[in-house]
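Visitor: Prediction below, plus the sequence it came from.
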Amino acid sequence: MQQAFTQDNTSTPKSLLEQPFSHVLNEANLRPTLSRIQVLRLFIANPIHSMNIVEVYTALLHAGIRISMATVQRTLSQLELGGILLRNASSGKSSFSLCKR
């Protein structure tokens, strides 16, 4: 999982590495911000796994991505509204997973 987040030091421009994620966000009428790309990259790297906000936050921190819990929560909500993520509410806790497209 951590490989999906490591910085690539090759000569490939960063914008080329983020194009697939930008395309998904643009289709959902969401601007491709760094936080949206990072969270989306996490879910695409783990398409079967459903994660709650704490798991997303922790995974990003372990990957060396500095992000606040509030930004993670806001980003998850935006990706849900854009139809990219599905919120699963069970036993009072919400978790998120990729929508089946």
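Guide: Perfect, thanks for sending it.
Visitor: you'd agree A89 is in a strand?
Guide: Yes - using DSSP: H, G, I helix; E, B strand; the rest coil, the assignment for A89 is a strand.
Visitor: so it bridges to which residues?
Guide: Note on A89: beta-bridge partners by DSSP bridges are S94.
Visitor: Just give the number of residues close to it.
Guide: By the criterion of other C-beta atoms under 10 Å, A89 has 8 neighbours. Yep, even glycine has a C-beta here, placed from its N, CA and C like the rest.
Visitor: and if you look at H49?
Guide: Per other C-beta under 10 Å, the neighbour tally for H49 reads 15.
Visitor: Secondary structure element holding the closest residue in space to it that isn't next to it in sequence?
Guide: Closest residue to H49 apart from its sequence neighbours, by C-beta to C-beta, 6 or more residues apart in numbering: S97 at 7.3 Å. Assessed by DSSP states H and E, S97 sits inside strand 93-98.
Visitor: And for that strand, what's in contact with it?
Guide: 43-44, 47, 49-53, 55-56, 76, 79-80, 84-88 (C-beta atoms under 8 Å, 6 or more residues apart in numbering).
Visitor: and it, which residues are buried?
Guide: S95, F96, S97, L98 (16 or more other C-beta atoms under 10 Å).
Visitor: Columns pLDDT and distance to H62 on top of the residues you listed, output as TSV?
Guide: Shown next, in TSV, are these (pLDDT from 0 to 100; distance: C-beta to C-beta, whole Å):
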residue	pLDDT	distance to H62
S95	93	18
F96	94	18
S97	92	20
L98	91	20
